[in-house]
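Trainee: quick one: sequence plus predicted model below, questions after.
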There are 2 protein chains.
Amino acid sequence: MTTIKKAIVLLSGGLDSATVLWLAKKRHKPFCLIFNYNQRHKKEIESAKKIALKAGCDCKVIKLELPEGNCSLTNMKMSLPASHSTQLIGEKIPSTYVPARNLIFLSLAVSYAESTGAEAVFIGANAVDFSGYPDCTPDFFKAFRQTIKKGTKSGKKTPVKIMVPLLNKSKDEIIKTGLKLKVPYELTWSCYQGGSSPCGKCDSCLLRKEGFRKAGIIDPA
Amino acid sequence: MTTIKKAIVLLSGGLDSATVLWLAKKRHKPFCLIFNYNQRHKKEIESAKKIALKAGCDCKVIKLELPEGNCSLTNMKMSLPASHSTQLIGEKIPSTYVPARNLIFLSLAVSYAESTGAEAVFIGANAVDFSGYPDCTPDFFKAFRQTIKKGTKSGKKTPVKIMVPLLNKSKDEIIKTGLKLKVPYELTWSCYQGGSSPCGKCDSCLLRKEGFRKAGIIDPA
């Protein structure tokens, strides 16, 4: 009999991290970390909790106090960037960039993993249909793996595995993968505005819309 | 006229980070981050606040929810490791190791730096008279610098500088440096027990005691 190993899954409430949770469930017992960093779309936190519940996994919401800065996701005095076509998304780093966000999330996840004996951390980052954030790139994850190899107790022999299964997939490939796994996309929330219904215009809405269109499927959310 | 640049200083309340704050003050305007991670010696937080005040710097206490784990600094059901001589300290990683602590602290500090336009982050880590923590080693800082180069917006052109000025100094050298700068060591707190007075037996007390002895100075605290 093989023991199912524990994993920490970073869950945002969007479709990428929900897909990753179902991928992680295949071989691990996930524990989900959800972050409240005073994001404009706090609504995603409620989605994330529902998704964890649906997956039958425990979760914890961690409150982070970050400066508002010049980030349009955390500084409510700013507006979200004007909508444009998906072709232009990722050409330059948009104002929705949150300084060191994935670095902070991963660092806390690695701490939870080491403390609870989880062998891996899963993150839904994607470097194809994405906003060009530097903390979603292969080079970042490569450097981060080296950092935990050098800077954690388990790092020398069995560093916590950093799993980024969607890194090189397009949005429609992600959606197709998720549908096969029966990921409850109706529970996911992507829109940066966080209004009563998706704005349909922000980068996140546009990438999602294009993904479902290419996959030839109607968005259930 | 040159503008004094901002820096983020990680302040624990101990003598190393206090010394670093005074070093940072030479050329920067520091903003101090203090962490409450439910450490046994929460008393150090009050020391850190007094030190920041004495330095004339603003500070912020950040609350972090970490699992208790198998760490004797955060799990109150555990005892601190038995006292031994300073020669043996650092031979193996002790139970006071907090998983990914400096990684989390630095990641948050880098986020604050990028958000507030600070050019550097200062940390009082030391790899000579230390407890053997992997996140205090030169290799860790080297890898971390690479990670922020790859994973932050400013990383490509002007990555936040990670300053570890005490990395290769012995404890008595640190103390001598601090005394020249008039660091208020009487305000610092090192003891892991966090009782009404220092226990004199934990690794942190032993390293401090030996440092003052070698420096030929009476500990003012």
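Mentor: Here it is on my side, so go on. These figures come from a predicted structure and were not determined experimentally. Residues are numbered from 1 along each chain as shown, chains lettered A, B, ... in the order given.

Trainee: CA only for contacts and neighbour counts going forward, please
Mentor: OK.

Trainee: list the contacts of the longest strand along chain A.
Mentor: If you go by DSSP state E, chain A has its longest strand at strand A:28-36. Strand A:28-36 is contacted from outside by A:4-12, A:21, A:24, A:42, A:45, A:48-49, A:52, A:57-64, A:105, A:109, using C-alpha atoms under 8 Å, 6 or more residues apart in numbering or on different chains.

Trainee: buried ones among these?
Mentor: A:6-12, A:21, A:24, A:42, A:45, A:48-49, A:52, A:57, A:59, A:62, A:64, A:105, A:109 (16 or more other C-alpha atoms under 10 Å in any protein chain shown).

Trainee: just the ones of those in strands?
Mentor: A:6-10, A:59, A:62.

Trainee: nearest to chain B, of the residues you listed?
Mentor: A:I62 (7.2 Å; C-alpha to the nearest C-alpha).

Trainee: thinking that closest one is in contact with B:E65, fair?
Mentor: Yes - using C-alpha atoms under 8 Å, A:I62 makes contact with B:E65 at a distance of 7.2 Å.

Trainee: residue numbers of chain A in contact with chain B?
Mentor: A:62, A:64-70, A:93, A:99-101, A:103-104, A:107-108, A:110-112, A:114-116, A:133-137, A:139-141, A:143-144, A:146-148, A:150-153 (C-alpha under 8 Å from any C-alpha of the partner chain).

Trainee: how about the nearest residue to A:T177, chain neighbours excluded?
Mentor: With C-alpha to C-alpha, 6 or more residues apart in numbering or on different chains as the criterion, A:T177 has its nearest non-adjacent residue at 7.6 Å, and that residue is A:T19.

Trainee: so which of the residues of chain A next to chain B are in strands?
Mentor: Secondary structure from DSSP E places A:I62 of the residues of chain A next to chain B in strands.

Trainee: among the residues of chain A next to chain B, which ones are in helices?
Mentor: A:101, A:103-104, A:107-108, A:110-112, A:114-116, A:139-141, A:143-144, A:146-148, A:150-151 (DSSP state H).

Trainee: just the buried residues of these.
Mentor: A:101, A:103-104, A:107-108, A:110-112, A:114-116, A:140-141, A:143-144, A:146-148, A:150-151.

Trainee: where does the prediction get shaky in chain A?
Mentor: Residue ranges of chain A with pLDDT under 70: A:1-2, A:83-90.

Trainee: wasn't A:G124 part of a strand?
Mentor: No - A:G124 is assigned coil when assessed by DSSP: H, G, I helix; E, B strand; the rest coil, not a strand.

Trainee: measure the closest residue to it other than its chain neighbours to A:V121 for me?
Mentor: In space, and not counting its chain neighbours, A:G124 is closest to A:S17: 4.5 Å by C-alpha to C-alpha, 6+ apart. Counting by C-alpha to C-alpha, to the nearest Å, the gap from A:S17 to A:V121 is 12 Å.

Trainee: list residues touching both of the two?
Mentor: Here A:S17 and A:V121 have A:L10 as joint contacts, going by C-alpha under 8 Å, 6+ apart.

Trainee: for stretch A:186-196, which outside residues touch it?
Mentor: A:13-15, A:18, A:40-44, A:47-48, A:50-51, A:73, A:80, A:198-200, A:202, A:204-205, A:208, A:219-221.

Trainee: try stretch A:17-24
Mentor: Contacts for stretch A:17-24 (C-alpha under 8 Å, 6+ apart): A:7, A:9-12, A:30, A:48, A:51, A:55, A:122-125, A:165-166, A:174-175, A:177-178, A:181, A:183-185, A:188.

Trainee: the residue nearest to A:G124 - how many residues pack around it?
Mentor: 23 (other C-alpha atoms under 10 Å in any protein chain shown).

Trainee: hang on, it in a strand?
Mentor: No - counting by three-state DSSP, A:S17 is not part of a strand but helix.

Trainee: look up how far chain B lies from it.
Mentor: Using C-alpha to the nearest C-alpha, to the nearest Å, A:S17 is found at 19 Å from chain B.

Trainee: now stretch A:185-196 - C-alpha only, PDB.
Mentor: Below are the C-alpha coordinates for stretch A:185-196, written out as PDB (Å, rounded to 0.1, in the frame of the first residue of the first chain):
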ATOM      1  CA  TYR A 185     -15.400  25.900 -13.500                       C
ATOM      2  CA  GLU A 186     -18.900  27.300 -12.600                       C
ATOM      3  CA  LEU A 187     -17.400  28.000  -9.200                       C
ATOM      4  CA  THR A 188     -14.300  29.900 -10.400                       C
ATOM      5  CA  TRP A 189     -13.900  33.700 -10.500                       C
ATOM      6  CA  SER A 190     -11.400  35.400 -12.800                       C
ATOM      7  CA  CYS A 191     -12.500  39.100 -13.200                       C
ATOM      8  CA  TYR A 192     -10.200  41.600 -11.600                       C
ATOM      9  CA  GLN A 193     -13.000  44.100 -11.000                       C
ATOM     10  CA  GLY A 194     -14.800  41.800  -8.500                       C
ATOM     11  CA  GLY A 195     -18.200  43.200  -9.300                       C
ATOM     12  CA  SER A 196     -21.500  41.300  -9.200                       C
END
